[in-house]
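1. Fold the following and give me the result.
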Amino acid sequence: MFRIVPCNSVCNAGFDADTRAIIARPLQGPLFKWGLFGRAWLDAWSSGRIVLLGDAAHPMLPFQGQGAAMAIEDAMILARCLAAETTPERAFALYQATRSARVRRITERAAQQGDVYA
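-> Residues are numbered from 1 along each chain as shown. Below is the predicted model of the structure:
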């Protein structure tokens with residue numbers, strides 16, 4: 001996955017003196033590696049008068065950079081659904097029906113793109 005490159009091969013790659021000094025400096029402190037985990041698709045994004053949006057409803061891996069954008073889109077569509085429907089429960093059902101296909105497609109693309117990094 002990752003390999004350590006000796007400083008000599010990097011430091012002599014045509015960088016200026018300041019850049020070579022930064023690259024040659026040893027790392028300070030611990031290094032962390034953390035996992036990224038996909039989650040199962042939720043069948044329902046709401047229960048009664050409670051609704052989820054963004055990553056709470058449809059978490060996605062970060063490889064498309066679309067998580068925040070999906071939450072913003074969710075908020076806009078949810079607001080429109082609440083204005084259009086007579087009850088929150090109906091608005092939530094419309095919101096999920098409206099958003100589900102697009103969000104699922106982007107979530108699946110993010111997972112596929114993650115395979116490139118694995």
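2. Just the buried positions in stretch 43-62, please.
-> For stretch 43-62, the buried set under the neighbour-count rule, 16 or more other C-beta atoms under 10 Å, comprises Trp45, Ser46, Val51, Leu52, Leu53, Gly54, Ala57, His58, Pro59, Met60, Leu61. From N, CA and C alone the C-beta is placed, and that goes for glycine too.
3. residue contacts, the third one?
-> When you say that, I think you mean Val51. Applying C-beta atoms under 8 Å, 6 or more residues apart in numbering, we find Val51 in contact with Trp45, Ala57, Leu78, Pro88, Phe92, Tyr95.
4. okay, those in JSON lines with secondary structure and distance to Gly65 next?
-> Formatted as JSON lines, those follow (DSSP: H, G, I helix; E, B strand; the rest coil; distance: C-beta to C-beta, whole Å):
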{"residue": "Trp45", "secondary structure": "coil", "distance to Gly65": "22"}
{"residue": "Ala57", "secondary structure": "coil", "distance to Gly65": "18"}
{"residue": "Leu78", "secondary structure": "helix", "distance to Gly65": "22"}
{"residue": "Pro88", "secondary structure": "helix", "distance to Gly65": "31"}
{"residue": "Phe92", "secondary structure": "helix", "distance to Gly65": "27"}
{"residue": "Tyr95", "secondary structure": "helix", "distance to Gly65": "23"}
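5. Pick the one among those closest to Leu36.
-> Ala57 (18.4 Å; C-beta to C-beta).
6. In contact with that closest one, which residues?
-> If a contact means C-beta under 8 Å, 6+ apart, then Ala57 has Leu42, Trp45, Val51, Asp74, Gln96, Val103 as its contacts.
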